[in-house]
Each structure stands twice: as structure tokens, then as C-alpha cells.
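Participant: sequence first, predicted coordinates after that:
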Amino acid sequence: MGTKEEKNETTIEQSFEILEDIITKMESSDISLDESFALYKTGMEELQHASSKIEQTKKAVMAISKDGSLEVFEGDE
């Protein structure tokens, strides 16, 4: 679906839209087993990306609310 750099620019909302599209395609009776596996792999990668973005946002919000100052979250712990 794209390079790793492109995935980093995908918003959480876009990831959910991609996942919804994958689910719809996988529920179709017209899909082959190979296509199902490819969609599953893409879906898992997109889910991991969305989960990572959510975790980053959660940490940033926690950093803001901790002492009231604005801190930019720039990576993992």
C-alpha cells in the first residue's frame, strides 16, 4: 500500500478508513485465498500503525496534563 515513510503520514482516521475497506473486501465472496492473505497482512500492518499513533497521542496528552505545560512527544519511552 505504500512505503513506511508514507504510513507515518497517515492519520488515525485514514487508517480506520483503510481498515474498513479491507474488512469489506475480505467479507466479499468474490475474493481469492491469496487476496485474503494479502489483505490480512496489509490490515495487520495498518492496525499496528494506527495503534502506534494512538499510543503516541495518548502519551502526548498525558505529558500535557501532567504539569499543565505543553510538551512535544517525539518518540518512544
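Facilitator: Nice, I can see it. Numbering: from 1, shown residues only.

Participant: CA atoms only: put stretch 49-59 into CSV for me.
Facilitator: These are the backbone C-alpha positions of stretch 49-59, laid out as CSV (Å, rounded to 0.1, in the frame of the first residue of the first chain):
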residue,chain,number,x,y,z
HIS,A,49,0.3,1.8,12.6
ALA,A,50,-3.0,3.1,14.0
SER,A,51,-2.2,1.6,17.4
SER,A,52,1.2,3.3,17.4
LYS,A,53,-0.4,6.7,16.5
ILE,A,54,-3.0,6.3,19.2
GLU,A,55,-0.3,5.4,21.8
GLN,A,56,1.8,8.5,20.7
THR,A,57,-1.3,10.7,21.1
LYS,A,58,-2.1,9.2,24.5
LYS,A,59,1.5,9.9,25.8
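
Participant: in it, which residues are buried?
Facilitator: 49-50, 53 (16 or more other CB atoms under 10 Å). C-beta here means a position set from N, CA and C on the backbone, and glycine is covered the same way.

Participant: relative to Ser15, which of these is nearest.
Facilitator: Distance to Ser15 across the buried residues of stretch 49-59 (CB to CB) is lowest for Ala50, with 3.8 Å.

Participant: which strand or helix spans that closest one?
Facilitator: helix 33-67 (DSSP states H and E).

Participant: which secondary structure elements does that helix contact?
Facilitator: helix 4-8, helix 12-27 (3 or more CB pairs under 8 Å, 6 or more residues apart in numbering; DSSP states H and E).

Participant: now stretch 55-72: average pLDDT?
Facilitator: Averaging pLDDT along stretch 55-72 gives 71.

Participant: ok, now stretch 36-47?
Facilitator: 94.

Participant: residues making contact with that stretch?
Facilitator: 1, 7, 10, 15, 18-19, 22-23, 25-26, 31 (CB atoms under 8 Å, 6 or more residues apart in numbering).

Participant: which PyMOL command selects the buried ones in the residues you listed?
Facilitator: Paste this into PyMOL to select the buried members of those, with burial taken from 16+ other CB under 10 Å:
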select buried, resi 7+10+15+18+19+22
